[in-house]
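K.L.:
here is a sequence with its predicted model. Questions after.
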Amino acid sequence: MIEPMQTDNLERLQREFTETEKVIFSRRSVRLYRKEQVPEFMIRRILEAGRFAPSAGNAQPWKFIVLRDPEIIGGITDTVVGTCRMFSNMLDYRREGFSWLRPLAKLMIRLRHNELHPMPFTAVSLMAEGKLTLWHGAPTVIVILKDVRGVSSPDLDCGIAGQNMVIAAHSMGLGTCWVGFAKLALDLNPTWKKKLGISFPYKFANSLAIGWPQGNPDGMVARQTHAVEWFEDGGSKTIY
Ligand SMILES: Cc1cc2nc3c(=O)[nH]c(=O)nc-3n(C[C@H](O)[C@H](O)[C@H](O)COP(=O)(O)O)c2cc1C
């Protein structure tokens, strides 16, 4: 870590990214993994990075489940694909001859806008057609459960813990991908919830695919700029 406030350190900091910044800026979601399993000690270290995350009221409202059994990973994937097929049959008005579904789909999108935002809606169809896999062939999955009794916003705390794990994994040369789609099995399917022991006060928050990346997908890409309003010394400016 850099000692703060020392002039030569600050000058160097202006010229160079820190190692942590390099990991943050170069991280990308990895959707192609090698088959070899990740050593257990690395997953344990990644879990530690999650455990050290800050949380509102220090409630630490999370529980992690590690999946490394191909049968379980494959079984959950099959359930999600089946559910996507059902949703797609019910709602995909873009198919030839199904335009009559459009009002119902639009109503559902309005009612469930977080789940059926146009992006996931497209992904539902891709998954139903087998063009997108759930955990992208990653040999390890970390499921993040939230303790619904947590202070303030357990989902936010779980997101922070998850991103700690993502950054730790990338710093070790691993690839990761957040996979919210697992909700279709781990929140909606009673059989999987029972099998994995997901019950009150825990609920699916999100999941992470983890493995050795195939190729070298990490790298900085251009990002959308969002205006930042900056108030200082009685004035204000907008920066990008
Ligand atoms: C909460 C969350 C859920 C996500 N769910 C999925 C998912 O189910 N499947 C998937 O392939 N990518 C998923 N992603 C990855 C995003 O698509 C990805 O982060 C985004 O397109 C930006 O690309 P980058 O991660 O390479 O920077 C998810 C990301 C987040 C943060």
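P.N.:
Sure, I can see it.
K.L.:
stretch 168-175 close to the ligand?
P.N.:
No - counting by CB under 6 Å from any ligand atom, the ligand is not contacted by stretch 168-175; separation bottoms out at 10.1 Å. Quick note: C-beta positions are derived from backbone N, CA and C, even for glycine.
K.L.:
can you point out the buried residues in that stretch?
P.N.:
Ala168, Ala169, His170, Ser171, Leu174, Gly175 (16 or more other CB atoms under 10 Å).
K.L.:
close enough to count as contact, the third one and Cys177?
P.N.:
No - at 11.2 Å, His170 does not count as touching Cys177 under the criterion of CB atoms under 8 Å.
K.L.:
avg pLDDT for the longest helix belonging to the chain?
P.N.:
When the chain is scanned for its longest helix (criterion: DSSP state H), the result is helix 70-91. Averaged over helix 70-91, pLDDT sits at 93.
K.L.:
so which other helices or strands are in contact with it?
P.N.:
helix 102-111, helix 118-128, helix 183-186, helix 190-196 (3 or more CB pairs under 8 Å, 6 or more residues apart in numbering; DSSP states H and E).
K.L.:
what's the angle between the first one and helix 70-91?
P.N.:
Regarding helix 102-111 and helix 70-91, their directions subtend 120 degrees when assessed with axes from the mean of the first three to the mean of the last three CA atoms, to 10 degrees.
K.L.:
helix 102-111 - what's its average pLDDT?
P.N.:
Averaging pLDDT along helix 102-111 gives 83.
K.L.:
next, the buried residues of that helix.
P.N.:
Within helix 102-111, the residues that count as buried by 16+ other CB under 10 Å are Ala105, Met108.
K.L.:
helix or strand next in line after the lowest-mean-pLDDT helix or strand in the chain, which one?
P.N.:
Of the helices and strands making up the chain, the lowest-confidence element is helix 118-128, at a mean of 78, by mean pLDDT, DSSP states H and E. Sequence order places strand 140-147 as the next helix or strand after helix 118-128, per DSSP states H and E.
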